[in-house]
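S.K.: fold the following and give me the result.
(chains A and B)
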2 protein chains.
Amino acid sequence: MTKITIVGLGLIGGSMARDLKSQMNVQVTGVDNNLQHLSKAKELQLVHEVASLDEAINNSEIIILAIPVHAIQELLPTILSKINEDQVVIDVGSTKEEICQNVINHSNRGRFVAAHPLSGTEFSGPEAAIRGLFINKKNIICDKELSENDALEQAISLFESLGMETYYLNSTDHDKHLAYVSHLSHISSFTLSLTVLDIEKDESQIFNLASTGFESTARLAKSSPDTWTPIFEKNGIHLVQALDKYMNHLKNFKQAIISKNTTALHGLMKEANEIRRVLKK
Amino acid sequence: MTKITIVGLGLIGGSMARDLKSQMNVQVTGVDNNLQHLSKAKELQLVHEVASLDEAINNSEIIILAIPVHAIQELLPTILSKINEDQVVIDVGSTKEEICQNVINHSNRGRFVAAHPLSGTEFSGPEAAIRGLFINKKNIICDKELSENDALEQAISLFESLGMETYYLNSTDHDKHLAYVSHLSHISSFTLSLTVLDIEKDESQIFNLASTGFESTARLAKSSPDTWTPIFEKNGIHLVQALDKYMNHLKNFKQAIISKNTTALHGLMKEANEIRRVLKK
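M.R.: This next block holds a predicted model:
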């Protein structure tokens, strides 16, 4: 019997709980200081039992932190100080650099595995937790050389049991990469939503948004501010670099439109089409 | 037997051809000055027959223009001058203001119906043409009071036969509205793609793009520059206004991140979440 505690029963933690709970010989304990989430998680039977953080730590082999990234950063050193040399702590936050930096000298650093399962949706909370969320998705483990082998192996096998393949990056490269491919995408969606809501004020209602391209580009604008505010803050430096590049490309588009430069406009899109090469479908 | 000519056998024209051709008592003639498209359309049996533009006009009751918007604008007055008082010309371009303005004083203006079926995908060409593309989608007809009743009725019933419901806007409001909900979405996608391709140069390959939000926000970056260059140009004024608003919101995001203004950052996303109200799913 493997005893696993999941701290934070939202989209990611709750979905992990659902899948892990269904496995034979796994006991899942849920911890959440949001009492509404905790009660919802109980109602939805996401976990075998709920407990206080200290109780749960004492009774678990693996402790998973699935809370907002600023809360992970705050809580992680305390938890590492409370565990023994056989326990493993895994975080699943969307930024990694500051979280890792903050415990780099902790005596129990080796018991910690910094992970990021790439599997978000625009929904949040225990109600958003679904079975199979992680199947065929990629997991990233950062700074793996700082984790002890047995801790790393337990983490890899846990993610494997959810259907994920694990890749490795250092935490700085992770954050830089995610700034571009994930965090910038979210900001562009939030911004698109704000811009369209602007004209809604003039036009009393948005005429039709389906099949105009808006639905897919603005999907992420439904995402939780509670999740994304700390992500953008923790990844501020990389994200501002990405935003600057994005804004430069946007200016080029605007300039080509204003100056009626057909060749430049066509060229920008032709270049952007190159993304077909890296997007699978 | 209703004889219909479709000029332009790409995604939209080809998909209309497929559906119309399947209907009883409809004869579909295809016209395309891109010989590769024409030959592909024949091979895929999108139409009953192909013909030259003049032949097709002479033998059709309804002529549909499904070519890029600058080509519609150029060709429409010529076609209106060639038709008789029983024929109907329908365009399905993504911008409407300049196209309508350009024929406002034409003696056959009443035989023209300015339409925009909201049904694009990121693909293009005859190979992208599919059955059922228009089912349960919305069609917009612009400046309907300038079309004669019988022409309007024929157009509405044609779009209805494809599974579409028709709504009405004036052509200026159409273009302004579409600048925000469609054209801006496309530019944000193209720009996102260009930005991510930038870092790919440094990193040799994009590590992973699936499940990061990038796939849905950058989907439209695969769209055809041949289709979209004239759309952005024809809708330049409204689009630059939309871009300016978009860039302002983007600057607010950047500023909130730089100044670590948690409340402002959270507030921007909370406001953007309002889009849930207008997005159906």
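
S.K.: list phi and psi for the nearest residue to A:Asp19 once chain neighbours are set aside.
M.R.: Take A:Asp19 and drop its neighbours on the chain: the residue closest to it by CB to CB, 6 or more residues apart in numbering or on different chains is A:Leu162, 5.3 Å away. From N, CA and C alone the C-beta is placed, and that goes for glycine too. Dihedral pair for A:Leu162: phi -90, psi -10, per degrees, to the nearest 10.

S.K.: go ahead and confirm A:Leu162 touches A:Asn136.
M.R.: No - between A:Leu162 and A:Asn136 there is no contact under CB atoms under 8 Å: 10.3 Å.

S.K.: of those two, give the one with the bigger neighbour count.
M.R.: A:Leu162 (19 against 11; other CB atoms under 10 Å in any protein chain shown).

S.K.: and A:Gly93, that's in a helix?
M.R.: No - under DSSP: H, G, I helix; E, B strand; the rest coil, A:Gly93 sits outside any helix and is assigned coil.

S.K.: neighbours around it, how many?
M.R.: For A:Gly93, the neighbour count with other CB under 10 Å is 26.

S.K.: once you drop chain neighbours, what's closest to it?
M.R.: Per CB to CB, 6+ apart, closest to A:Gly93 is A:Val69, 4.1 Å.

S.K.: my guess is that neighbour meets A:Pro230, correct?
M.R.: Yes - assessed by CB under 8 Å, A:Val69 is found in contact with A:Pro230 at 4.7 Å.

S.K.: in the longest helix anywhere in chain A, which residues are buried?
M.R.: Counting residues, the longest helix found in chain A (DSSP state H) is helix A:236-258. Residues of helix A:236-258 classed as buried by neighbour count (16 or more other CB atoms under 10 Å in any protein chain shown): A:236, A:238-240, A:242-243, A:245-247, A:249-250, A:252-254, A:256-257.

S.K.: what do you get for stretch A:90-104?
M.R.: A:90-100, A:103.

S.K.: avg pLDDT for that stretch?
M.R.: Stretch A:90-104 shows a mean pLDDT of 98 in the predicted model.

S.K.: just give me the neighbour total for A:Ile130.
M.R.: With other CB under 10 Å as criterion, A:Ile130 counts 14.

S.K.: who does the helix or strand containing A:Ile64 touch, helix- and strand-wise?
M.R.: Assigned by DSSP states H and E, A:Ile64 belongs to strand A:62-65. Judged by 3 or more CB pairs under 8 Å, 6 or more residues apart in numbering or on different chains; DSSP states H and E, the packing partners of strand A:62-65 are strand A:2-7, helix A:69-82, strand A:88-91.

S.K.: start to end distance for stretch A:152-171?
M.R.: The first residue of stretch A:152-171 is 15 Å away from its last residue (CA to CA, to the nearest Å).

S.K.: starting at the chain centroid, how far to it?
M.R.: In terms of CA atoms, centre = their mean, to the nearest Å, the centre of stretch A:152-171 is set 15 Å apart from its chain centre.

S.K.: buried sites along it?
M.R.: A:152, A:154-156, A:158-159, A:162, A:164, A:166, A:169-171.

S.K.: next one: stretch A:241-255 to chain centre, how far?
M.R.: Remark: stretch A:241-255 is offset 25 Å from the chain centroid, using CA atoms, centre = their mean.

S.K.: now do stretch A:77-87
M.R.: Its chain's C-alpha centre and that of stretch A:77-87 lie 24 Å apart, by CA atoms, centre = their mean.

S.K.: which residue packs closest to A:Ser60, ignoring adjacent ones?
M.R.: Leaving aside its sequence neighbours, A:Ser60 sits nearest to A:Thr5 (CB to CB, 6+ apart; 4.0 Å).

S.K.: next up, the contacts around that neighbour.
M.R.: For A:Thr5, the contacting residues are A:28-31, A:51, A:56-57, A:59-60, A:62-64, by CB atoms under 8 Å, 6 or more residues apart in numbering or on different chains.

S.K.: what's the closest of those residues to chain B?
M.R.: Proximity of these to chain B (CB to the nearest CB) peaks at A:Ile64, which lies at 18.5 Å.

S.K.: coming back round to it: and the gap between the residue nearest to A:Asp19 and B:Met24?
M.R.: 52 Å (CB to CB, to the nearest Å).

S.K.: next: A:His238.
M.R.: Noted for A:His238: a distance of 60 Å to B:Met24, by CB to CB.

S.K.: cool, and A:Ile12?
M.R.: 53 Å.
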